[in-house]
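Chemist: Build me a structure from this.
(chains A and B)
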Amino acid sequence: MILGDVMKVLEAEPLSRGVDLNVDLQTAFAADLMSDVLALARPGTLMITGLTNIQIMRTASVVDTPAVVFVRGKRPPRETIDLAEKLGIPSIITSKTMFEACGLLYQAGIKPISRVDR
Amino acid sequence: MKLLSQQEPFVIQREVKPLDFLAAGETASDFKETLKSLGISPDICRKASIVTYEAEMNAVIHGGGGVIALELAGDRITIVARDEGPGIENVSLAMQEGYTTAPDSIRELGFGAGMGLPNIKKYSDDLEIETELGKGTILRAVILLDNSREEVKSPCPTA
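Modeler: Coordinates of the predicted model:
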């Protein structure tokens, strides 16, 4: 599934203009704890989060996350948007809650990551 | 093209400022880009970057800032984080997942849940922590390079 499809499923909007909606996504990981993302997310995994601070983009970059979904309609502050653009990490916002966003994406065929160490 | 050898370690270091949450993570990004430009495999770059990021957050949150170094020599990358903070009272407790002394304000950022040192251990091949109460902490995390790795390029002089 590409990010454009994810956007339709979640009725989401892009964080900024020029977001690449053709990024291919097979798996997703949802968390508000960035240390859990660092511990468990695999490269190529879509990140779903309710936090909006700049560390979200730092974390996404460090673990090679191809795209980020912000849930609960929270618009990230300017510095987060700027860093997303600088790092080239396409990001979208949905008003859905994390539970609903995850449920919809699961139903649409996005898979969870399997817990393998490292 | 010049190659890095054991006699010629590559070292860069960055200062980390205390409680600067806007800049926290810059060192991890910086080291990752540097390693990538040296031709290190994406998986190793990622491990080194995660280790650096967690060490950086520790220095920012607990250490009163510090200095983080990336050393590349022979078959390994070593991330060395030094701070002159309060030290770690009980290292084995700090190594347990979920044990934390971080304030709530840090948890709002998605950190401070007692996963920092366990994550560093998880992504390192070797980890040493020297700490003294009231003096500070030195963390050394080793990440072994792939055996299958291609030659490591020397850094571009114009970079």
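
Chemist: With chain B as the reference, measure out to residue A:80.
Modeler: To chain B, residue A:80 is 10 Å away according to CB to the nearest CB, to the nearest Å. Placement of C-beta: from N, CA and C, glycine included.

Chemist: Assess the claim that that residue and residue A:52 are in contact.
Modeler: Yes: counting by CB atoms under 8 Å, residue A:52 is a contact partner of residue A:80 at 5.8 Å.

Chemist: quick one: is stretch B:82-100 near chain A?
Modeler: No: shown here: stretch B:82-100 not in contact with chain A (CB under 8 Å from any CB of the partner chain), separated by at least 8.7 Å.

Chemist: go on, stretch B:33-51?
Modeler: Yes: looking at stretch B:33-51 against chain A by CB under 8 Å from any CB, the contacts come from B:42-43, B:46-47, B:49-50.

Chemist: does chain A sit close to stretch B:117-126?
Modeler: Yes: using CB under 8 Å from any CB, stretch B:117-126 reaches chain A at B:118-119, B:122-123.

Chemist: For the biggest helix by length in chain B, what does the pLDDT average out to?
Modeler: The longest helix of chain B (DSSP state H) is helix B:42-61. The average pLDDT for helix B:42-61 rounds to 96.

Chemist: can you give me how far that helix is from the chain middle?
Modeler: What separates the centre of helix B:42-61 from the centre of its chain is 5 Å, taken as CA atoms, centre = their mean, to the nearest Å.

Chemist: Kindly report the same for stretch A:14-23.
Modeler: 12 Å.

Chemist: What does the residue nearest to residue B:66 when sequence neighbours are not counted show for phi and psi?
Modeler: Nearest-residue entry for residue B:66: residue B:83, 3.2 Å, with adjacent residues in sequence omitted and distances by CB to CB, 6 or more residues apart in numbering or on different chains. Main-chain dihedrals, residue B:83, degrees, to the nearest 10: phi -140, psi 160.
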